[in-house]
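In: sharing a model that was predicted from the sequence below.
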Amino acid sequence: MTTTPTLAMPNFSAPFTIESDAFGAGIGAVLSQQGQPIAFMSRALGITKQSWSVYAKEMLAIIHAIQTWRPFLLGRNFNTPLPVRFANLTDLISLNLSNAGFIGQIPNDISKLTKLVSLDLSTNYFLGGPALKLEKPNFATLVQNLTHLEELILDSVKISAQGNDWCKALSSSLPNLKVLSMSNCFLSGPLDASLAELRSLSIIRLSSNNLSAPVPEFLANYPKLTALELSSCQLNGIFPKTVFQIPALEILDLSLNELLQGSLPEFHQNLSLQTLVLSNTNFSGTLPQSIGNLEKLSRIELVGNNFTGTIPSSVANLTQLFYLDLSSNKFEGRIPSFRRSEELTYVDLSRNNLTGEIPSGHWEGLLSLTYVGLGYNAFNGSIKKFQTNCSLQ
């Protein structure tokens, strides 16, 4: 090549092509459309990888290319299975092919990447069924040799396994697991007690699976747990209050589990909770005054439950709050002040039994406020004008 090629502008409505190449000390790849190059990528190889076969080097080039050009390829559909010859990439510690558009069976060769610390084959869309699946090999076969794995992200991969199967596969093979993300994987419950052995878990995302069981008490015994997401899992029974008290917990999402019952505990100080989402469950009881101790709380969604009593005045202590939805409950009494919640953008208190006047001073200084829902209550008096950018319903 004697001249530098002119790079074309990408057309995001047209397919992309990746071509890889390998030479003694390095790898490279070209991203193109209709034969016109859009971007180039090259990388030098260490001594060990220089001795790999040409095929293994080209595979590595494709992996690095997908990761490098993720903004171009995100959500694209290659309509092709994952390459099956991963086994030569023995030193690979991270494999991220999320939203790359691959389809079909996940190849057994991935189970031979025994040094993997992070594996992400997830997709964030669902069109006519999952793009990737685990049948032969099944889930247990995939993870059995990945003993160093700390992050496993398989959202929207069709796994179709029973609770005692996939839970035991995780606990027996992945002792160092920290991140477990397997939402929308056609998993069945219940959550097997063997999961309690994974003491390093910090993130559990299992939303949109058919767990159809109570939430086990042992979830409260994960000292490092920061996120628990179990939305739309057909959970039932009574949710253990002890989970709310996990010191490190920042995100709790139990929404869309209409048979799940429970109530809120007394919240002590020094908890880390930032997001509390219990929408469309069957929680009841009162919103405790001690909720004001959750000084990091920024999002509260309790819509569609059976909460009663007054909205505690201690919500004034929630200075980080930006989203509050308490609609469709049975709250009564007067509205508390939100003046100290300067980040507040959305408030919905509609469809309750709230009474009294609506003091304009409760909303002063909330310049970011864009929506306030107060309908279907029993307020009296006139409503002062809100900020011009705020919709009052």
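Out: Okay, I see it. Everything quoted here is computed from the prediction, not taken from an experiment.

In: what stretches of the stretch 1-150 of the chain score poorly on pLDDT?
Out: Across the stretch 1-150 of the chain, the stretches falling below the confidence threshold (pLDDT under 70) are 1-8, 10-20, 33-35, 38, 48-59, 61-67, 69-88, 125-130.

In: need the per-residue pLDDT for the spatially most central residue of the chain.
Out: Closest residue to the average C-alpha location of the chain: residue 205 at 6.0 Å, with Cα atoms, centre = their mean. Predicted confidence (pLDDT) for residue 205: 98.

In: can I see the domain layout of the chain?
Out: Taking automatic domain parsing as the domain assignment, the ranges for the chain are 9-70, 74-213, 244-393.

In: the longest one: how far from the chain's middle?
Out: On the basis of Cα atoms, centre = their mean, to the nearest Å, domain 244-393 is displaced by 23 Å from the centre of the chain it belongs to.

In: and the strand or helix carrying residue 260, what's buried?
Out: Under DSSP states H and E, the secondary-structure element containing residue 260 is strand 259-262. Counting neighbours by 16 or more other Cβ atoms under 10 Å, one finds that the buried residues in strand 259-262 are 260-262. Every C-beta, even on glycine, is put in place using the N, C-alpha and C of the backbone.

In: can you give me the strands for the stretch 201-350 of the chain?
Out: For the stretch 201-350 of the chain, the strands defined by DSSP state E, counting those that start in this stretch occupy 203-205, 227-229, 236-238, 251-253, 259-262, 275-277, 282-286, 299-301, 306-310, 323-325, 330-333, 346-348.

In: who touches the first one?
Out: The contact list for strand 203-205, computed with Cβ atoms under 8 Å, 6 or more residues apart in numbering, reads 155, 178-183, 219, 222, 225-230.

In: for stretch 224-244, how far is the first residue from the last?
Out: By Cα to Cα, to the nearest Å, the extent of stretch 224-244 from end to end equals 13 Å.

In: could you give me the buried positions within that stretch?
Out: 225-236, 239-240, 243-244.

In: between the residues you listed, which is nearest residue 173?
Out: Taking Cβ to Cβ as the measure, residue 173 sits nearest to residue 225 out of these, at 20.4 Å.

In: which residues does the closest one contact?
Out: When the contact criterion is Cβ under 8 Å, 6+ apart, the partners of residue 225 are 201-204, 219, 246, 248-249.

In: can you rerun that using 6 Å?
Out: Going by Cβ atoms under 6 Å, 6 or more residues apart in numbering, residue 225 touches 246, 248-249.

In: repeat that for residue 154.
Out: 121-122, 182.

In: TSV for those, including neighbour count and secondary structure?
Out: As requested, the contacts of residue 154 are arranged in TSV below (neighbours: other Cβ atoms under 10 Å; DSSP: H, G, I helix; E, B strand; the rest coil):
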residue	neighbour count	secondary structure
121	24	coil
122	24	coil
182	25	coil
